[in-house]
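**Student:** next one to model:
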Amino acid sequence: MLVAGSVFAALAAAVHVYIFVLESLRWTSPRTRAVFGTTAQEAETSKMLAFNQGFYNLFLAVVTGVGIGAVALGHNAVGGALMFAALGSMLAAALVLVTSASNMARAACVQGVFPAIAVVLVALGL
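**Tutor:** Numbering: from 1, shown residues only. Model prediction:
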């Protein structure tokens, strides 16, 4: 179960790296604006907020990766704790998104499904 949990954790981290790229590096591009449903003016006005938010997503992915690495090296308690902290934060953010903007349910699922599965599998594996 721990290996399967680590795979889903890696998928969750990959999604959050992708979100980082969209928010911090490509926020004002037409394609990213289409993904987030923003106009050019809205994207320009909010680009510093998105830049910062993107880094939060990157940091969660990095902590998840360090947790996966720790588990791979046999440090299950440390790795599990790191994965639970990062994946739990990802999952909580998805829940905040869907409860604060129900029209963002699809985005919340993209953001939260892999972390939710990973949390269950890692818990079962430990």
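
**Student:** what about the residue of the chain positioned farthest from its centre, helix or strand, and which?
**Tutor:** Distance from the C-alpha centroid of the chain peaks at Gln41, with 26.2 Å (CA atoms, centre = their mean). Gln41 belongs to helix 40-72 when assigned by DSSP states H and E.

**Student:** and what of Thr28?
**Tutor:** Taking DSSP H and E as the definition, Thr28 sits outside all helices and strands.

**Student:** distance of the closest residue to it other than its chain neighbours from Gly125?
**Tutor:** Here the nearest residue to Thr28 in space, its sequence neighbours aside, is Ala43; by CB to CB, 6 or more residues apart in numbering that works out to 4.5 Å. Just so you know, the C-beta spots here come from the backbone N, C-alpha and C atoms, and that holds for glycine as well. Using CB to CB, to the nearest Å, Ala43 is found at 41 Å from Gly125.

**Student:** could you do Gly67 as well?
**Tutor:** Taken as CB to CB, the span from Gly67 to Gly125 is 12 Å.

**Student:** compare these two and say which is more crowded by neighbours.
**Tutor:** Neighbours were tallied for Gly67 and for Gly125 using other CB atoms under 10 Å; the higher tally belongs to Gly67 (26 against 15).

**Student:** now do the same for the nearest residue to the more buried one once chain neighbours are set aside: helix, strand or coil?
**Tutor:** Nearest residue to Gly67, sequence neighbours excluded (CB to CB, 6+ apart): Leu82, at 3.2 Å. What DSSP: H, G, I helix; E, B strand; the rest coil gives for Leu82 is helix.

**Student:** residues touching Leu82, list them.
**Tutor:** Contacts for Leu82 were tallied using CB atoms under 8 Å, 6 or more residues apart in numbering; they are Val63, Thr64, Val66, Gly67, Ala70.
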